[in-house]
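Colleague: A structural model of the following input is requested.
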Amino acid sequence: MNRMIVSLALAIGLSVAAHAGSKKEIDTPAFDKVVAQQMIDNSIQRFEIADGVSVDDAIQSMQLRSNMLNFKLVADLPLSEQVKAMGQDANYMRILAFCDALIAKKMVEYNIIFAGFLPCRIAVLEDSNGKGWIVTQNMDMMLHAVDLPEDLQPLAKKVRDTIYSIVDAGVNGDL
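Modeller: Below you'll find the predicted structure:
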């Protein structure tokens, strides 16, 4: 029930944002910070990388899986390397972005708000204890927050299933 309420709140928020076309900060008494925090928390999924699988193994596994599924790696952002180049210590953090350009095109043509979710991002990081994590969007939120026409539903499910398969490969170090 709680997940349904959060999904409904996210859908309303996405709808308002899609139609507002404004960059105004939300600063009204009606804005509930607790609900917003729940929406954010439910829109992200965290996966602990299996013991014995390094972050490098996880990334290599995700790259191989994405190639196998014909889902293009369109960006690779080594953020911790950038931070170190700027003279500060940093735990490992790297963002990979994957996309099927043809599906992305169709989703954005249907509703421009989907452009804000493109490309699908997967973060690989180590916490302060050296434990590896994979963090990505809750792809089910994309499926359930907006009423998609019948022709887009299987495409959205394909994206969800592909991203979760890529994440699973990374979590388990599947080559």
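Colleague: what does the domain assignment say about the chain?
Modeller: Split into domains by automatic domain parsing, the chain comes to 1-42, 45-172.
Colleague: Can you tell me the element Lys157 falls in?
Modeller: helix 153-172 (DSSP states H and E).
Colleague: sorry, back to before: least confident of the domains of the chain, on average?
Modeller: Lowest mean pLDDT of these: domain 1-42, a mean of 56.
Colleague: hmm, who's touching the helix holding Lys157?
Modeller: Helix 153-172 is contacted from outside by 45, 47-50, 53, 58-59, 61-62, 64-66, 69, 71, 98, 100, 103, 106-107, 120, 122, 124, 134, 136-137, 139-140, 142-143, 148, 174, using Cβ atoms under 8 Å, 6 or more residues apart in numbering. The C-beta positions use only the backbone N, C-alpha and C, and glycine is treated the same way.
Colleague: Let's see which of those end up in helices.
Modeller: Among the contacts of helix 153-172, the members found in helices (DSSP state H) are 58-59, 61-62, 64-66, 103, 106-107, 139-140, 142-143.
Colleague: Out of those residues, which two sit at the greatest distance?
Modeller: The most widely separated members of the ones in helices among the contacts of helix 153-172, counting by Cβ to Cβ, are Ala58 and Lys106 (30.0 Å).
Colleague: Buried among the contacts of helix 153-172? Make that a PyMOL selection.
Modeller: Buried residues among the contacts of helix 153-172 (16 or more other Cβ atoms under 10 Å), as a PyMOL selection:
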select buried, resi 45+47+49+53+58+59+61+62+65+66+69+71+98+100+103+107+120+122+124+134+136+137+139+140+142+143+148+174
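Colleague: check contacts around the residue most central in space within the chain.
Modeller: Note on the chain: the residue nearest the mean C-alpha position is Gln137, at 2.7 Å, using Cα atoms, centre = their mean. When contacts are counted by Cβ under 8 Å, 6+ apart, Gln137 is found next to 43-45, 117, 120-121, 163.
Colleague: hang on, Lys130 in a strand?
Modeller: For the record, residue 130 is Gly, not Lys. No: read with DSSP: H, G, I helix; E, B strand; the rest coil, Gly130 is coil and lies in no strand.
Colleague: returning to that earlier point: so which of the domains of the chain is the most surrounded?
Modeller: Comparing the domains of the chain on average neighbours per residue, with mean count of other Cβ atoms under 10 Å, the densest one is domain 45-172 at a mean of 16.
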